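**Q** 3D model of this:
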Amino acid sequence: MTFTPRLAVIYSPLGTWVTKALFNTAIRMPSPWASPQNNLWGTQNSGTVGSFTSATDTSGQWWFYCNTIATKPEKLYALEWQNIINALHSRIMINTYYQILKDYITFYYPFTNVGDFTGYGVEFDAQSMLIPNLLKMRLTGSFQKAFFHQTAQVPAGSNYAGAYYFVDNAVSVDLSVLYENVMVTPVGIDARMSIKNALNTTDLIGAQYQPFSYKPRGITVEFALTAHIKGF
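**A** Numbering: from 1, shown residues only. Now for the predicted structure:
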């Protein structure tokens, strides 16, 4: 049995302003391969029939025995403060949060509880109808700062020792403009232009299950035309 309480307090000091305080929890149990049900992998199975206990085993798979199998569930705790303002044909949402992810489960010779993440951030979403029923603009952005404390053992002599994980801050801004009913015909035409990663953020991003990180794409500009039959 698991217990994952959630709590929300919502207050509207003004007719156009809603503020929310939220507390959320979640639990992810390890899969059979990552849990003690796996009686082949992990240091706790050293010496058992079928286990691998040294780098000289005939299998050659040294990573079977570097850490214990995950013995704890992964637990998430999140505290959020969200504010929404609706006024003058516009909607603005600002969300701040703080999160704790304990006993994170991933593959680290073998599947195990690798450590704890903490982080905080801000999310921003603004939408405005610049010209009613004609021109709409949306701007979104986020900032995140993350920290990681590793508890799993670093495999001695491996190529990934000390460099298996990558944690960095993240900043992103997206912008889109929607022009509705470009052509006044029975078939309406909407035109949309989107700019993704407008700040051209190319900071490295960690990749789960892999001993390296990758760079996100640079600025992406997209154009789209959508046809619709009016009245439907």
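
**Q** hang on, residue 64 is in a strand, isn't it?
**A** No: under DSSP: H, G, I helix; E, B strand; the rest coil, residue 64 falls outside any strand and is assigned helix.

**Q** gap between it and residue 37?
**A** 16 Å (Cβ to Cβ, to the nearest Å). Heads up, the C-betas are built off the backbone N, CA and C, glycines and all.

**Q** repeat that for residue 66.
**A** Residue 66 is 19 Å from residue 37, by Cβ to Cβ.

**Q** so those two - more neighbours on which side?
**A** Shown here are residue 66 and residue 37; by other Cβ atoms under 10 Å, residue 66 has more neighbours (20 against 10).

**Q** apart from its chain neighbours, what residue comes closest to the more buried one?
**A** Of all residues not flanking residue 66 in the chain, residue 109 sits nearest, at 3.6 Å (Cβ to Cβ, 6 or more residues apart in numbering).

**Q** what about the nearest residue to residue 74 once chain neighbours are set aside, how many residues close to it?
**A** Once flanking residues are discounted, residue 74 sits nearest to residue 28: 4.2 Å by Cβ to Cβ, 6+ apart. For residue 28, the neighbour count with other Cβ under 10 Å is 14.

**Q** please list all residues in contact with residue 28.
**A** 73-74, 76, 105 (Cβ atoms under 8 Å, 6 or more residues apart in numbering).

**Q** restricted to strands, list these.
**A** 74, 76, 105 (DSSP state E).

**Q** okay, who's weakest in those by pLDDT?
**A** Here the lowest pLDDT out of these sits on residue 105, with 90.

**Q** so what's that residue up against?
**A** By Cβ under 8 Å, 6+ apart, the residues touching residue 105 are 28, 30, 34, 70, 74, 111-114.
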